[in-house]
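Participant: attaching a predicted model along with its sequence, questions to come.
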Amino acid sequence: MSRPNRRGFLGLAGGAVAGAFSRPWSAVAADAESPDADLVVFNAKVYTVDSRTPKVEAFAVKAGRFIAVGSTADMKGLIGKATQSFDAKQMTVVPGFIDCHNHATGNVLLYEVLVGNPYVVEFVSIESIIEKLRAKAAQTPPGTWVEGFFFDDTKVKDNRLINVHDLDQVSKDHPVAVHHRGGHTSFYNSKAFELGVNIATTPGQVVFQNDLMQLIQYEPATAKVAKRPLLIIPPWINKYYILDLREKNSLVKWCVAQGLTVFVISWVNPDAHHAAKDFEDYMLEGPLAAFDAIDPHIAERGLLTAETVLAARPTADASSPA
């Protein structure tokens with residue numbers, strides 16, 4: 001067998017991960033049409049996130065579902081003539097956390113301040129951008145966001161990026177943001193980063209921490225509380241308040257307003273001290289440590305998990321008096 005690599009492994013296992021938790025783990029699924037699996041991955045470190053079988057060496061997949069987990073020897077017994085097998089050589093395997101990639105729709109063209117031209121090549125100056133935003137701020141109540149869109153650093157006469165000092169000239173009473181046309185970069189003034197004012201405004205408290213993260217708990221804002229709490233796992237490159245940026249678009253605030261007890265992982269800024277940490281460490285000291293840290297009495301009722309894009313909601317009857 002050729003030497004495995006992570007890209008090849010993901011290609012093999014990706015389709016199976018989607019069905020991972022549709023039913024409880026079992027030695028071999030009773031309703032399997034035949035004992036042969038479509039895919040067997042063995043010689044791995046598999047974290048199931050299931051307290052009954054938290055860590056195994058191998059798993060088998062049939063028709064897009066996990067039909068068995070266990071030892072390498074057991075899973076090799078499910079390899080038939082048509083089975084695709086993969087020696088993971090001690091790679092770490094975790095449930096399918098999915099990070100999708102989307103951009104917002106283009107209705108900003110009609111209603112927002114355009115600081116660059118999305119249609120044709122047009123060179124602008126930093127001063128012209130400031131003036132456009134300043135005019136918008138003059139028509140906007142203090143404390144309300146003023147935003148500019150389609151900034152293109154390759155079309156700026158000043159031959160430089162816009163910065164916080166430029167945007168502080170727009171207003172000291174409004175949070176100001178300029179968004180790059182690429183959709184991945186934004187620039188802000190000083191007013192935009194006031195913790196507890198316009199970012200991270202939902203009350204919460206740190207209930208656990210270790211070398212890689214802090215676990216923040218937010219209490220529900222309703223009289224009735226959902227039976228299952230929600231654990232949100234932001235990407236490692238984002239701060240926890242990416243999910244609590246503003247009151248009107250805060251996922252955290254919305255969740256507590258639905259009666260959910262919310263836990264959010266806040267990742268540490270890594271430095272030389274963390275140089276030896278790898279993916280497995282981030283799993284063990286991140287989501288898995290968070291599972292253990294959450295109140296056992298709560299966890300016994302089940303736990304909803306999300307990584308920025310996985311949706312989770314309580315069922316209609318999943319509420320009890322606060």
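Facilitator: In hand now; what should we look at?
Participant: make it CA atoms for all contacts and neighbour counts henceforth
Facilitator: OK.
Participant: low-confidence regions, the chain specifically.
Facilitator: The chain contains residues with pLDDT under 70 at 1-34, 97-110, 296-322.
Participant: quick one, domains of it?
Facilitator: 6-93, 108-192, 205-321 (automatic domain parsing).
Participant: and N198, which of those is closest to it?
Facilitator: For the domains of the chain, the distance to N198 is smallest for domain 205-321, at 5.4 Å, taking C-alpha to C-alpha.
Participant: what's the end-to-end length of stretch 188-198?
Facilitator: By C-alpha to C-alpha, to the nearest Å, the extent of stretch 188-198 from end to end equals 12 Å.
Participant: so what touches that stretch?
Facilitator: Under the contact criterion C-alpha atoms under 8 Å, 6 or more residues apart in numbering, stretch 188-198 has outside partners 163-168, 172-178, 199, 201-202, 245-247.
Participant: report the distance from it to the chain centre.
Facilitator: With C-alpha atoms, centre = their mean, to the nearest Å as the basis, stretch 188-198 stands 22 Å off its chain's centre.
Participant: which residues in the stretch 101-250 of the chain form strands?
Facilitator: For the stretch 101-250 of the chain, the strands defined by DSSP state E, counting those that start in this stretch cover 113-114, 146-151, 176-180, 186-188, 205-209, 213-218, 224-226, 230-232.
Participant: from those strands, which stretch is densest packed?
Facilitator: strand 230-232 (a mean of 25; mean count of other C-alpha atoms under 10 Å).
Participant: ok, then the element right after that one?
Facilitator: Remark: after strand 230-232, the chain's next helix or strand is helix 251-257, criterion DSSP states H and E.
Participant: for the helix or strand following that following helix, name the packing helices and strands.
Facilitator: Next helix or strand after helix 251-257 toward the C-terminus (DSSP H and E): strand 262-267. Using 3 or more C-alpha pairs under 8 Å, 6 or more residues apart in numbering; DSSP states H and E as the contact test, the elements touching strand 262-267 are strand 213-218, strand 230-232, helix 251-257.
Participant: which outside residues touch the helix or strand just after strand 262-267?
Facilitator: Next along the chain after strand 262-267, taking DSSP H and E as the criterion, comes helix 279-285. For helix 279-285, contacts defined as C-alpha under 8 Å, 6+ apart pick out 92, 210-213.
Participant: what do you get if the cut-off is 10 Å, keeping everything else the same?
Facilitator: Helix 279-285 is contacted from outside by 45, 47, 91-94, 209-214, 236, 267, 286, 288-291, using C-alpha atoms under 10 Å, 6 or more residues apart in numbering.
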